[in-house]
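1. Prediction below, plus the sequence it came from.
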Amino acid sequence: MPQAYIITIIAMLFWALLSVVSRILLLKFHFDPWMFSFIQLCAGGISLLVMSGKGGLNLTSFTRPVTWGLGALRVVTAALYTTVLAWVSVLEAGVLGTLNLPFVVLAVWILTKTRPARFEWIGHLLILSAILLLIQTLEPEIRFPVAWLMGLNALCHAALTLLSERHPDNASDLPGARARFTGAVLLVTAAFFLIARLVQNGPGDGMIEMPLLASSILVGILLRAPAMFLAFWSIRLAGALGYTAAVTLLPVFGMMFEQAAVAVGLLDITRFRIETLYLALIVITGTLLVVMARAKNAGNPDKEAASSKS
């Protein structure tokens, strides 16, 4: 279990750093978000296949429909989250993103017919209250689009996490097999990104500027690849619910990286407000209550069985 904690925390740190670095590059250099994402996904996927060692060209993952389902969901969640990041800070987006936990719990309830623990509702209520309060503090012109985009993102993220937990290639603990699986998902996601870009803008002139190419490759290899590798590994070790609960740490990690970027001049302005940090702490408190309620319920199987039947 300590390994699950360590892998999950490191995964959250990589995701937070990826979000902040992506926001810096998109705002500073006005890169095309679609091409930026496509190149980094390709770079990350290829690097993982190369590092997987023997069997790196194994195409099994590419032949599974569920892999393509993961790729499609990754495109949707990444596009929605990137759109929201253009309007709000990483801290604000992180708090809104914690809507994922109630969505995953609801999906598990529907799929397994197992009701959440009795006191777990208190934690979910705290999370939802913090999210609603944050939405009310946003500017009126972005309040509605941010709310429904993050709601759709939570729905897709729940499906993505549950599919990842059940993917047959995510069951191995061998580093090479895990790298091949993650690389395949990244390349499939890249293919969907390219299709979406072509549908949106057409073939274009095919010119890619060197700053965009270099930045995308570096981000793909150094941040995107390890973030996805660790995320899938975390889901394997901690389960869909455990991983999603840990995602509530992203707002705090993202805030730390974002404020550091502001301090050194990589970001010109900050949307940081102490009230948003308080809301993030409320979300973390609610998540802890959910985790503790589930742990207590798991220690009382008779009570859990009775709850599921009622």
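-> Everything's here; your move. Residues are numbered from 1 along each chain as shown.

2. neighbours around Asn100, how many?
-> By the criterion of other C-beta atoms under 10 Å, Asn100 has 26 neighbours. Yep, even glycine has a C-beta here, placed from its N, CA and C like the rest.

3. An error on my part: the question was meant for Glu209.
-> 12.

4. which residues sit in contact with the closest residue to Gln3 other than its chain neighbours?
-> Leaving aside its chain neighbours, Gln3 sits nearest to Leu237 (6.3 Å; criterion: C-beta to C-beta, 6 or more residues apart in numbering). Counting by C-beta atoms under 8 Å, 6 or more residues apart in numbering, Leu237 touches 3-4, 7-8.

5. Now list the buried members of the residues you listed.
-> The neighbour count (16 or more other C-beta atoms under 10 Å) marks 4, 7-8 as buried among the contacts of Leu237.

6. Including pLDDT, could those residues go into JSON lines?
-> Shown next, in JSON lines, are the buried ones among the contacts of Leu237 (pLDDT from 0 to 100):
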{"residue": "Ala4", "pLDDT": "90"}
{"residue": "Ile7", "pLDDT": "95"}
{"residue": "Thr8", "pLDDT": "94"}
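
7. wait, Thr60 sits on Asp169?
-> Yes - with contacts counted by C-beta atoms under 8 Å, Thr60 reaches Asp169, the gap being 7.0 Å.

8. what about those two, which has more around it?
-> Neighbours per residue (other C-beta under 10 Å) separate Thr60 from Asp169, with Asp169 holding more: 20 against 14.

9. So that one sits against Gly183, correct?
-> No - with contacts counted by C-beta under 8 Å, Asp169 stays clear of Gly183, the gap being 10.8 Å.

10. hmm, back to that, mind telling me what element the residue nearest to Gln3 is part of?
-> Take DSSP states H and E as the rule and Leu237 turns out to sit in helix 225-246.

11. May I ask which two of the contacts of Leu237 are separated the most?
-> Of all pairs drawn from those, the greatest distance, 9.4 Å, lies between Gln3 and Thr8 (C-beta to C-beta).

12. Would you mark the buried spots in the host helix or strand of Ala196?
-> Secondary structure assigned from DSSP H and E places Ala196 in helix 175-201. For helix 175-201, the neighbour count (16+ other C-beta under 10 Å) marks 176-194, 196-197 as buried.

13. Return the helix or strand in the protein with minimum mean pLDDT.
-> helix 301-309 (a mean of 46; mean pLDDT, DSSP states H and E).

14. how about low-confidence regions in the protein?
-> 1, 54-58, 202-207, 269-270, 299-310 (pLDDT under 70).

15. Could I get the full set of strands for it?
-> Listed in chain order, the chain contains no strands at all (DSSP state E).

16. Tally up the residues packed near Trp87, please.
-> Residues lying near Trp87 (other C-beta under 10 Å) number 17.

17. One more: Thr63?
-> As a burial measure, Thr63 scores 9 neighbours (other C-beta under 10 Å).

18. can you check Phe253 too?
-> Phe253: 21 surrounding residues under other C-beta under 10 Å.

19. if I pick it, what's in contact with it?
-> By C-beta under 8 Å, 6+ apart, Phe253 lies in contact with 12-13, 15-17.

20. mind running it again at 7 Å?
-> 12-13, 16 (C-beta atoms under 7 Å, 6 or more residues apart in numbering).

21. before we move on, what about Glu92?
-> 134, 271, 276.

22. so how far is Phe144 from the nearest residue to the second one once chain neighbours are set aside?
-> When you say that, I think you mean Arg271. In space, and not counting its chain neighbours, Arg271 is closest to Ser89: 3.9 Å by C-beta to C-beta, 6+ apart. Computed with C-beta to C-beta, to the nearest Å, the distance linking Ser89 and Phe144 is 18 Å.
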